[in-house]
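Student: No letters, just coordinates:
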């Protein structure tokens, strides 16, 4: 199986910056797309940004120009650089990965446990 562990969440002032990290570990044959999602109470989890193993990134309109997703394939890590966050970015942020735990098994979707990001005004 594949485990995802997020770190880097916390309290940040609006207009500041914060960097989230996610480490994938366990039985990993291949990781395809990695992504960051976020969720606030009473709302559905939403995609923030995703990046393919080739480095192609996509973003939610609400974070374009402010957040940057990147990954280190050698370390099985994905990052989310959050610049100029606003209180509307306050949420629990989840790491997500499409991964194969072995050569002869299907691709599964894995989730981290989430990390709280709170943006103060």
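Tutor: The structure has been received and is ready for your questions. Remember, it's a predicted structure, so these values are computed and weren't measured experimentally. Residues are numbered from 1 along each chain as shown.
Student: Below-threshold pLDDT in the chain: ranges please.
Tutor: For the chain, no stretch has pLDDT under 70.
Student: Pairing-wise in the sheet, spell out the partners of the residue lying closest to residue 40 once chain neighbours are set aside.
Tutor: Spatially, and ignoring its direct neighbours in sequence, residue 40 is nearest to residue 91 (4.8 Å; CB to CB, 6 or more residues apart in numbering). (Each C-beta comes from the backbone N, C-alpha and C, glycine too.) With DSSP bridges applied, residue 91 shows beta-bridge pairing to residue 117.
Student: got it, and the one 4 residues further on?
Tutor: Under the criterion DSSP bridges, residue 95 forms beta bridges with residue 36.
Student: and it, how many residues sit next to it?
Tutor: 27 (other CB atoms under 10 Å).
Student: right, and it touches residue 79 too?
Tutor: No - judged on CB atoms under 8 Å, residue 95 makes no contact with residue 79 at a distance of 9.9 Å.
Student: and for these two, which residues touch both?
Tutor: Shared contacts of residue 95 and residue 79, defined by CB atoms under 8 Å, 6 or more residues apart in numbering, comprise 20, 22.
Student: still on that earlier bit, from what I see, the residue nearest to residue 40 and residue 39 are in contact.
Tutor: Yes - at 5.9 Å, residue 91 counts as touching residue 39 under the criterion of CB under 8 Å.
Student: Those two: which has the busier surroundings?
Tutor: Higher neighbour count among residue 91 and residue 39: residue 91, with 22 against 14, using other CB under 10 Å.
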